[in-house]
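**Student:** What follows is a predicted protein model with its sequence.
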Amino acid sequence: MSDELAHLFELSSTAVTITSRSAYYPDAGLPSEATVDVYARVAHQRIVVLGPSGRVEVDLKQSDWERIITLADAAISLGSGGFGPDTAIGRTMTHLDVQVDRYHEDNPTRSELYYFNHAGSEPGEGPRAWGALVDALVETLDNTLAEHERQHMTFVRRWFAD
């Protein structure tokens, strides 16, 4: 199999899922049910985004598809984490989950979670690799995201370093 054909096979059997969800955590008691603000699935040169405003599907150029996979791998390689101390007051937390599925490998799924506490952290504290992935998602979708989803992803992006 040629290198180019092997590369295309690897791409076609790889998918990236990015989910951003938020929940309110009271000082005492259980958190509210998490709401999914953005769910994006990148596979087969296509991205599908689901959110409160509905569904968006966009065909991707191979270079954009490869870029999102590369950036997802970079974010995952940093491991899970988060920032913002327990503020001992009610606060909203946002969780950004990234999963890469490689169906052509023996151990096909890798995933990590990054979270931030809106009340106990400052914008720009999160790792640059996670911010680059959010940037790529928004840039790739260009003007196809509905206003709610665009605002949410712009908000999430603020929390990661430039």
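**Tutor:** Thanks, I have the structure now.
**Student:** Residue 49: neighbour count?
**Tutor:** Neighbourhood size, residue 49 [other CB atoms under 10 Å]: 23. Backbone N, C-alpha and C define where each C-beta goes, glycine included.
**Student:** Buried ones in the helix or strand encompassing it, by neighbour count?
**Tutor:** When elements are defined using DSSP states H and E, residue 49 is found to belong to strand 46-51. Under the neighbour-count criterion of 16 or more other CB atoms under 10 Å, strand 46-51 has 47, 49, 50, 51 buried.
**Student:** For these, give me CSV that also has pLDDT and distance to residue 26.
**Tutor:** Below are the buried residues of strand 46-51 laid out as CSV (pLDDT from 0 to 100; distance: CB to CB, whole Å):
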residue, pLDDT, distance to residue 26
47, 92, 35
49, 93, 30
50, 92, 28
51, 91, 25
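**Student:** closest to residue 13 among those?
**Tutor:** Here the nearest of the buried residues of strand 46-51 to residue 13, counting by CB to CB, is residue 47; it sits at 16.7 Å.
**Student:** Tell me if I'm right that that closest one and residue 40 touch.
**Tutor:** Yes. Using CB atoms under 8 Å, residue 47 is in contact with residue 40, at 6.1 Å.
**Student:** list the residues that contact both of the two?
**Tutor:** residue 137 (CB atoms under 8 Å, 6 or more residues apart in numbering).
**Student:** For the residue nearest the centre of the chain, which non-adjacent residue is spatially closest?
**Tutor:** Nearest to the geometric centre of the chain sits residue 18, at 3.5 Å (CA atoms, centre = their mean). Spatial nearest neighbour of residue 18, excluding adjacent residues (CB to CB, 6 or more residues apart in numbering): residue 40 at 4.6 Å.
**Student:** for residue 118, same thing?
**Tutor:** Residue 118 sits nearest to residue 92 (CB to CB, 6+ apart), 4.6 Å away.
**Student:** C-terminal to the helix or strand containing the one you found, what's the next element?
**Tutor:** If you go by DSSP H and E, residue 92 is part of strand 91-102. Where DSSP H and E defines the elements, the next helix or strand beyond strand 91-102 is strand 109-117.
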